[in-house]
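Colleague: Give me coordinates for this.
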Amino acid sequence: MFSWMYWTYQSAIGFGLLFGMLAVITFVDTKKPSFETKGFLPMPTTRGDRVFISVVSFFFLVLLWLRYVPDLTGWVVVIVGIVNAVIVMKWG
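Modeller: All right, here's what the predicted structure looks like:
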């Protein structure tokens with residue numbers, strides 16, 4: 001079924017985490033609906049908006065890493081992405 005795509009365990013983990021995060025945010029929103037808050041971002045955001053912003057910014061960080069510092073280990077980018085997500089989710 002997926003033989004057309006070159007799957008590695010890293011890409012499978014990444015997609016699994018992305019879909020798992022979407023499942024968790026869907027479950028949490030059905031149990032406790034989110035409301036708009038105003039943080040340091042220049043717009044009011046809901047919980048889903050902040051998750052989307054953190055995922056897109058993580059992908060942007062990965063692209064910057066691949067372009068400018070490919071010799072840097074990938075774990076540094078993952079840690080920076082997690083810190084970014086925590087900041088956006090907590091204070092965004």
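Colleague: List the buried residues in the lowest-mean-pLDDT helix or strand in the chain.
Modeller: For the chain, scoring each helix and strand by mean pLDDT, DSSP states H and E identifies helix 74-91 as the least confident one, at a mean of 85. Within helix 74-91, the residues that count as buried by 16 or more other Cβ atoms under 10 Å are 77, 81, 84, 85, 88. The C-beta positions use only the backbone N, C-alpha and C, and glycine is treated the same way.
Colleague: how far away is the third one from residue 37?
Modeller: Read that as residue 84. 18 Å (Cβ to Cβ, to the nearest Å).
Colleague: Just name the closest of the buried residues of helix 74-91 to residue 59, please.
Modeller: Of all these, residue 81 has the smallest distance to residue 59: 8.9 Å, by Cβ to Cβ.
Colleague: and the residue lying closest to that closest one once chain neighbours are set aside, which of the three is it?
Modeller: With Cβ to Cβ, 6 or more residues apart in numbering as the measure, residue 58 is the residue that lies nearest to residue 81, at 4.0 Å, once sequence neighbours are left out. Secondary structure state of residue 58, per DSSP: H, G, I helix; E, B strand; the rest coil, is helix.
Colleague: What's the per-residue pLDDT of the residue nearest the centre of the chain here?
Modeller: With distances taken as Cα atoms, centre = their mean, the chain has residue 55 as the residue nearest its mean C-alpha position (2.5 Å). Model confidence at residue 55, expressed as pLDDT, equals 88.
Colleague: Contact partners for it?
Modeller: Residue 55 sits next to 18, 21, 85 when contact means Cβ atoms under 8 Å, 6 or more residues apart in numbering.
Colleague: before we move on, back to that, let me have the buried residues of helix 74-91 in a markdown table, adding distance to residue 33 as columns.
Modeller: Converted to a markdown table, the buried residues of helix 74-91 look like this (distance: Cβ to Cβ, whole Å):
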| residue | distance to residue 33 |
| --- | --- |
| 77 | 33 |
| 81 | 27 |
| 84 | 25 |
| 85 | 21 |
| 88 | 20 |
